[in-house]
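A.B. asks: When you get a sec, could you give me coordinates for this:
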Amino acid sequence: MHSATLLAEAAELARQLQYTVREEYLDGAGGGHCYFGGRKWLLLDVTQSVDEQLSVITDALRTDDAVWRLPVSPQLAGILRVSHAA
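C.D. replies: Residues are numbered from 1 along each chain as shown. Next up is the predicted model:
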């Protein structure tokens with residue numbers, strides 16, 4: 001599966017897990033994830049490569065136990081290193 005497709009799937013999965021996903025021009029500073037104001041946030045730096053953005057999202061998803069309850073493609077599950085039992 002192409003990285004851009006995986007990025008789209010991961011972003012949608014994050015939204016299903018109630019993350020607010022923001023895509024911002026951060027001039028290569030990088031993105032990240034946090035919990036602020038009672039909400040889960042994912043900040044993606046659109047100047048980074050697709051693979052770098054995917055890494056930011058998968059780092060966040062790995063910390064969220066709820067990811068185990070949602071359907072995930074085998075390719076994304078492999079990246080997340082979670083069971084595809086959902």
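A.B. asks: Quick check, I57 in contact with D45.
C.D. replies: No: using Cβ atoms under 8 Å, I57 is not in contact with D45; the gap is 11.8 Å. In short, each C-beta sits where N, CA and C put it, glycine included.
A.B. asks: And these two? Which one has more around it.
C.D. replies: I57 (25 against 19; other Cβ atoms under 10 Å).
A.B. asks: Helix or strand: which one has that one?
C.D. replies: Taking DSSP states H and E as the criterion, I57 maps to helix 50-62.
A.B. asks: which helices and strands does that helix pack with?
C.D. replies: Here helix 50-62 touches helix 3-16, strand 32-36, strand 39-45, helix 74-80, going by 3 or more Cβ pairs under 8 Å, 6 or more residues apart in numbering; DSSP states H and E.
A.B. asks: same thing but at 6 Å, please
C.D. replies: The criterion is 3 or more Cβ pairs under 6 Å, 6 or more residues apart in numbering; DSSP states H and E, and the helices and strands that helix 50-62 contacts are helix 3-16, helix 74-80.
A.B. asks: Check the offset of it from the chain's centre.
C.D. replies: 5 Å (Cα atoms, centre = their mean, to the nearest Å).
A.B. asks: ok, and for it, which residues are buried?
C.D. replies: Neighbour-count burial for helix 50-62 flags 53-58, 60-61 (criterion: 16 or more other Cβ atoms under 10 Å).
A.B. asks: Same question for stretch 72-81.
C.D. replies: For stretch 72-81, the buried set under the neighbour-count rule, 16+ other Cβ under 10 Å, comprises 72, 76-77, 79-80.
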